[in-house]
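Chemist: Please find the sequence and the predicted model below.
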Amino acid sequence: MTGNAEAIYELDAVDRRILHELMDDARTNTAPAIAEAVGVSPGTVRNHVEALEEAGVIKGYHAHVDFERTDGRLTTLFMCSVPFAERKTAARAAYEIPGVINVRIMMGGRRNFHVLAVGENTDDLRRIGTTLSELGVEIDDEMLVENDEVRAYEPFGPENDPQRKIPADFISLSADSEVVELTVQSDAPIADATISEAVQEGYLSGDALVVSVRRGDEMLTPHGDTTIRPDDVVTVFACGGVDDGTVRAFVDGAEVRR
């Protein structure tokens, strides 16, 4: 797929619905099936998908693999720090390491470089960590991933969906730790509150920590005076797991499903 992935592509209502259907099931959702769900013709669906691919909005179609079921392989999340100017270079180098399957670049601050890697055993994961260090990547922490689940982006889905699900990605780590990526709903209790206010009001319970805030194309480094706004995508980390009360503070009215 070609096109300028850095350019902003203005989505229309049909684009959003098509993206939602593909994120929900890109393997079996055919153009006729998507057309029926969206209310357009199959040809229109194909034209929109082609345009989204050319614009770099759709980057690919990937299988979501449970590596633990493949001969008991281990998946680890390396949370690292990389100088701002070196992030893209480090990402390209990290992808050359056998076993690295995902690199996420964050904006500013510590732990701004997340590497997801799969190894056959602990020695294999140690090799990956050592290689990252040799590349100049500072590893702040690493945890075994117990489970991860990906959902379609709910704001792109049909309105007034009675089966509305929580717009979130859950990643369960070893030792009961968990990372959750939440899209703030307009009616959520935490909307328009600062992080400090959220702590005082009990919206962020226990050891929940806001790791990052993505607002449109901008990634914010969270501070106490950072205001959480509707449609922000907020990443929350908690050593003891992110409880449902914290999740509901971001997505009030949605059904919590893990």
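Modeler: That came through fine. No experiment lies behind these values; they were computed from the predicted model shown.
Chemist: any low-confidence regions in the stretch 151-258 of the chain?
Modeler: Scanning the stretch 151-258 of the chain for pLDDT under 70 picks out 159-176, 206, 253-258.
Chemist: just the strands in it please.
Modeler: 168-173, 178-183, 193-194, 209-215, 218-220, 227-228, 233-238 (DSSP state E, counting those that start in this stretch).
Chemist: any idea how far Phe250 is from the residue nearest to Val184 when sequence neighbours are not counted?
Modeler: Nearest non-adjacent residue to Val184, counting by CB to CB, 6 or more residues apart in numbering: Asp232, 4.7 Å away. The way it works is simple: take the backbone N, C-alpha and C, and place the C-beta from them, glycine included. Taking CB to CB, to the nearest Å as the measure, Asp232 falls 9 Å from Phe250.
Chemist: Give me the common contacts of these two.
Modeler: Thr183, Val184 (CB atoms under 8 Å, 6 or more residues apart in numbering).
Chemist: elements contacting the strand ranked longest in the chain?
Modeler: Longest among the strand segments of the chain by residue count, using DSSP state E, is strand 138-149. Secondary-structure packing of strand 138-149 (3 or more CB pairs under 8 Å, 6 or more residues apart in numbering; DSSP states H and E): strand 74-81, helix 122-134, strand 168-173.
Chemist: that older thread, could the strands of the stretch 151-258 of the chain go into JSON lines alongside distance to Asp244 and mean neighbour count?
Modeler: JSON lines is the format used below for the strands of the stretch 151-258 of the chain (distance: least, CB to CB, whole Å; neighbours: other CB atoms under 10 Å):
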{"stretch": "strand 168-173", "distance to Asp244": "11", "mean neighbour count": "21"}
{"stretch": "strand 178-183", "distance to Asp244": "11", "mean neighbour count": "22"}
{"stretch": "strand 193-194", "distance to Asp244": "19", "mean neighbour count": "18"}
{"stretch": "strand 209-215", "distance to Asp244": "17", "mean neighbour count": "19"}
{"stretch": "strand 218-220", "distance to Asp244": "25", "mean neighbour count": "15"}
{"stretch": "strand 227-228", "distance to Asp244": "18", "mean neighbour count": "21"}
{"stretch": "strand 233-238", "distance to Asp244": "12", "mean neighbour count": "21"}
